[in-house]
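S.K.: got a predicted structure here, sequence first:
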Amino acid sequence: MSTRSTGGYRWRVCALLFCATTINYVDRQVLGVLAPQLQSIIGWNEIQYGYIVTAFQAAYALGLLVVGRFIDRFGTRIGYAVAIGLWSLAAMGHALVHTAWGFGVARFLLGLGESGNFPAAVKTVSEWFPRRERTLATGIFNSGSNVGAILAPLMVPWIAVTLGWRFAFVFTGIFSSAWLVGWLTIYRRPREHRRLSGEELAWIESDPEAPAVGIPTAQLLRLPQTWVFVMGKFITDPVWWFLLFWLPKFLNSEHGLSLVALGPPLVAIYVMADAGSIAGGWLASMLLKRGWSLNRARKTTMLICAIMATPIIFAANVRNVWGAVALLGIAAAAHQGWSANLFTLVPDLFPRQAVASVVGMGGFGGALGGMLISTFTGFLLQLTGSYVPVFVLAGSTYLIALGLIHILSPKLEPAQLV
């Protein structure tokens, strides 16, 4: 079937996912952008800041233990609505606190709400796109994380300087509340959507699909395909967490950039990351359309991303700010291209009724890794002031993760569920 004759409503759904992911990352990035200023206002040290970041990641991890099951049971429409409703309130709640402890509580609640974004988005892609388009759709919505990270350093300093730092948290919460209204108004599953043509529905459902039966968590945990995703996230997600929450502090402490001056370098890094997300999704989709096997297309793309990430090991030793930005931007692009393919492995390897559950498990692994890197970085900087060990670790993890993925699933064969 020609994709030109099917209609394009599914890409409107993808646009909704892109907007949600953008808002998700604006909300979580506000603290990172304001961290140098808030450190002087609130008076926390590096270790306390590490604990505040860890509180978000701990809640994110705990949420992912249950959110996947919740979304698989009640559907993406309700699951996404509950998640974004909670994180909207939590984001605005940051404006009410004035201690390191209060920020820890607010970040914990934000983490609980935001844990629903990726399980819901990946499951929506599995429902609305055939397999040959899923990597591109995932790359597009996942690029929202970079757009959010771009918008935050453009918006937040201006709001903080003009209206005060508390209003920065209030404004981001308003954006997510507006998206919630649009989601509940527009979204339905393909077979329930009145505006979807019969041709497009047939295209969406063109892949053979297993019967929709419940799959116990214990059964999923026994499958190597589950651990492909969980370990991939556990090993590589800490790099992204570090870039989100410590990059403004790195540019401030190592290169002397003020709150306002942080904007252009951060924007440059996340524009590169945005391009990497879409390019990684496009490359794998192109290789699949050319007849490459799923195993070869995915792993080739992920290998390219893993190699691109390695130069970040030199970032702490580069004295020119734009030289460091270039290395950081290439690594961010590599991570997002990697992430688009890693996320898409889940609908590749599992039936739709298990997608959100497996994404939740992997997200838990990624958040757990993020907790470890945040606590480690806080103590490392407090004791030594050096970023070198963290960057060396960041440049090594992707090749290690890809090797482990290949060991766990040499051919990326779909899970056999009885």
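M.R.: Structure's in. What do you need? Numbers count the residues shown, from 1 in each chain.

S.K.: residue 244 is in contact with residue 269, correct?
M.R.: No: counting by CB atoms under 8 Å, residue 269 does not reach residue 244; the two are 10.7 Å apart. C-beta here means a position set from N, CA and C on the backbone, and glycine is covered the same way.

S.K.: overlap of the contact sets of those two?
M.R.: residue 149 (CB atoms under 8 Å, 6 or more residues apart in numbering).

S.K.: these two: which has the busier surroundings?
M.R.: residue 269 (27 against 24; other CB atoms under 10 Å).

S.K.: and the more buried one, what does it touch?
M.R.: 149, 243, 247, 325, 328-329, 332.

S.K.: report the contact partners of residue 285.
M.R.: 132-133, 135-136.

S.K.: let's see it at 6 Å
M.R.: Residues in contact with residue 285 (CB atoms under 6 Å, 6 or more residues apart in numbering) are 135-136.

S.K.: now it: which helix or strand?
M.R.: helix 263-289 (DSSP states H and E).

S.K.: quick one, strands of the stretch 51-200 of the chain?
M.R.: With DSSP state E, counting those that start in this stretch as the definition, the stretch 51-200 of the chain shows no strands.

S.K.: what about the helices in it?
M.R.: For the stretch 51-200 of the chain, the helices defined by DSSP state H, counting those that start in this stretch occupy 76-93, 100-114, 117-128, 131-142, 144-163, 165-186, 198-204.

S.K.: pick the most deeply packed of the ones you listed.
M.R.: helix 117-128 (a mean of 28; mean count of other CB atoms under 10 Å).

S.K.: give me the mean pLDDT for that helix.
M.R.: Taken as a whole, helix 117-128 has a mean pLDDT of 88.

S.K.: tell me the helices and strands packed up against it.
M.R.: helix 9-42, helix 46-74, helix 76-93, helix 131-142, helix 352-383 (3 or more CB pairs under 6 Å, 6 or more residues apart in numbering; DSSP states H and E).

S.K.: can you tell which of the ones you listed is closest to residue 113?
M.R.: Closest approach to residue 113 among the helices and strands packed on helix 117-128 (CB to CB): helix 76-93, 2.9 Å.

S.K.: tilt between that closest one and helix 46-74?
M.R.: 160 degrees (axes from the mean of the first three to the mean of the last three CA atoms, to 10 degrees).

S.K.: please name the nearest non-neighbouring residue to residue 398.
M.R.: Nearest non-adjacent residue to residue 398, counting by CB to CB, 6 or more residues apart in numbering: residue 306, 3.5 Å away.

S.K.: helices and strands around the helix or strand harbouring the one you found, which ones?
M.R.: Per DSSP H and E, residue 306 falls inside helix 294-309. Here helix 294-309 touches helix 263-289, helix 321-349, helix 388-408, going by 3+ CB pairs under 6 Å, 6+ apart.
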